[in-house]
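Chemist: When you get a sec, could you give me coordinates for this:
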Amino acid sequence: MLCIGWAGMAMAAPGGDPAVPSIFSPASTPADSVYHLSLFVLEVCFLIFIVVFGLLAYSVVKFRRRPDDDGREPAQIYGSNQVELAWTVIPILIVVVLFLATARVIHAVEDFRFPPNTTEITAVGHQFWWEFQYPQQGFITANELHVPVSDVKTPTPTHITLLSADTDHSFWVPILAGKTDLIPNRTNSMWIDPHETGVYVGQCAQYCGTQHAKMLLRVIVQSREDFNRWLAEQQRPAENADNVAKGRQVFETTACVNCHTVAGTNAHGKFGPDLTHLMSRGTIAAGAALNSRENLRQWIKDPEVFKPGSLMPAMQLDDQDLNAVTDYLLSLH
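Modeler: All right, here's what the predicted structure looks like:
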């Protein structure tokens, strides 16, 4: 289900240099369609405002009380076919025009025909983070969506299948596309074709619980060469995992493995983000904090510090094991 936002949205995002999320600076074909439709609707509404305000001002001035008025009520007019016809036909025409303009944009976005080189991604909304699956390449990542830049002359779009693991969510990156809901037991989809490389910020736009406001996401648009290089890195097993054997041992013998996956280990959990290449991401906790050693250690120790109501439990590790697990996770490039 495609929903169109009519105002810009600003939010803070830790790390990097993300583009300000606003529908008024589109960088993708779907967002550009929404932008031009929004301008057209605003122009129509402004014209209606001018006409109504002008008639109101004219009536106030022409029929104002004057000093020489005798106080009697002016002659009343009951019924006017011309006026009745005008205020019936004109609004109907305005509604029809807006309907056709909106239907045209929805048709262009929803019925877009994807070329063979389309990148396929599945986005799964969780409380309160994003899971991104790359079925063509066979790996999973979280919270940071990497896609290739698209050439305007020969588009290479990214098709995103949207699923929910728990409750209603909504995927919205204003610069790239309109909002699309993620609904349990229902498959929705959307597509983007970013025209410029960069980092674009979005978030869940459907209230989904305590930490809805911190369910951020970052779309990292790369050149085709950089995107292919990133894909190759993500397909490799976690690097240097054996250099921190103590931390890996603690990780694999606690509840961590029940929720998280690390390729090449016995951690195959699906409830939390895939951590195989954790350190390739700029943020943790769905954009709530920078991905640094200090923040990562605090996140393991007590997630409530960053996200009260987070579904990740505090692991109750002593300082030695906490440092070991942190060192292990820092090695997952």
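Chemist: switch to C-alpha atoms for all contacts and neighbour counts from now on
Modeler: Noted.
Chemist: What strand or helix carries the closest residue to residue 25 other than its chain neighbours?
Modeler: Nearest residue to residue 25 in three dimensions, chain neighbours excluded: residue 175, at 6.1 Å (CA to CA, 6 or more residues apart in numbering). When elements are assigned from DSSP states H and E, residue 175 belongs to no helix and no strand.
Chemist: Offset the numbering so it begins at 395, please.
Modeler: All right, first residue 395 from here; so that's residue 569.
Chemist: doesn't residue 423 make contact with residue 569?
Modeler: No: Residue 569 is not in contact with residue 423 according to CA atoms under 8 Å; the separation is 9.8 Å.
Chemist: Settle it for me: which of these two has more neighbours?
Modeler: residue 569 (29 against 23; other CA atoms under 10 Å).
Chemist: OK, contacts around the more buried one?
Modeler: Shown in contact with residue 569 (CA atoms under 8 Å, 6 or more residues apart in numbering): 415-422, 425, 594.
Chemist: can you rerun that using 7 Å?
Modeler: By CA atoms under 7 Å, 6 or more residues apart in numbering, the contact set of residue 569 is 415-417, 419-422, 425.
Chemist: how far away is residue 664 from residue 596?
Modeler: From residue 664 across to residue 596, the span is 23 Å (CA to CA, to the nearest Å).
Chemist: Most neighbours among the contacts of residue 569, please name it.
Modeler: The most crowded member of the contacts of residue 569, judged by other CA under 10 Å, is residue 425 (27 neighbours).
Chemist: secondary structure element for that residue?
Modeler: If you go by DSSP H and E, residue 425 is part of helix 423-456.
Chemist: which parts of whichever helix or strand comes after that helix are buried?
Modeler: Sequence-wise, the next helix or strand downstream of helix 423-456 (DSSP H and E) is helix 475-504. For helix 475-504, the neighbour count (16 or more other CA atoms under 10 Å) marks 492, 496, 499-500, 503 as buried.
Chemist: Count the residues that sit near residue 511.
Modeler: Residue 511 - counted by other CA under 10 Å - has 10 other residues nearby.
Chemist: you'd agree it is up against residue 552?
Modeler: No: using CA atoms under 7 Å, residue 511 is not in contact with residue 552; the gap is 9.1 Å.
Chemist: Find me whatever residue is spatially closest to residue 549, sequence neighbours aside.
Modeler: residue 587 (6.9 Å).
Chemist: Need the phi and psi values for that neighbour.
Modeler: For residue 587, the backbone dihedrals (degrees, to the nearest 10) come out as phi -140, psi 70.
Chemist: what sits against the nearest residue to residue 650 once chain neighbours are set aside?
Modeler: Using CA to CA, 6+ apart and skipping residues adjacent in sequence, the residue nearest residue 650 is residue 661, 7.7 Å away. Listed by CA under 7 Å, 6+ apart, the contact partners of residue 661 are 646, 651, 654-655.
Chemist: Please tell me how far the nearest residue to residue 683 once chain neighbours are set aside sits from residue 451.
Modeler: In this structure, residue 683 finds its nearest non-sequential neighbour in residue 677, 5.6 Å apart by CA to CA, 6+ apart. Using CA to CA, we find residue 677 at a distance of 55 Å from residue 451.
Chemist: The two: which has the busier surroundings?
Modeler: Taking other CA under 10 Å, residue 677 and residue 451 do not tie; residue 677 has more neighbours (24 against 11).
Chemist: Can you tell me the SS state at residue 611?
Modeler: strand (DSSP: H, G, I helix; E, B strand; the rest coil).
Chemist: Need the pLDDT of it.
Modeler: Residue 611 carries a pLDDT value of 90.
Chemist: can you check residue 705 too?
Modeler: So residue 705 comes in at 83 (pLDDT).
Chemist: burial count for the nearest residue to it once chain neighbours are set aside?
Modeler: Leaving aside its sequence neighbours, residue 705 sits nearest to residue 521 (CA to CA, 6+ apart; 7.3 Å). Counted by other CA under 10 Å, the residues lying close to residue 521 total 23.
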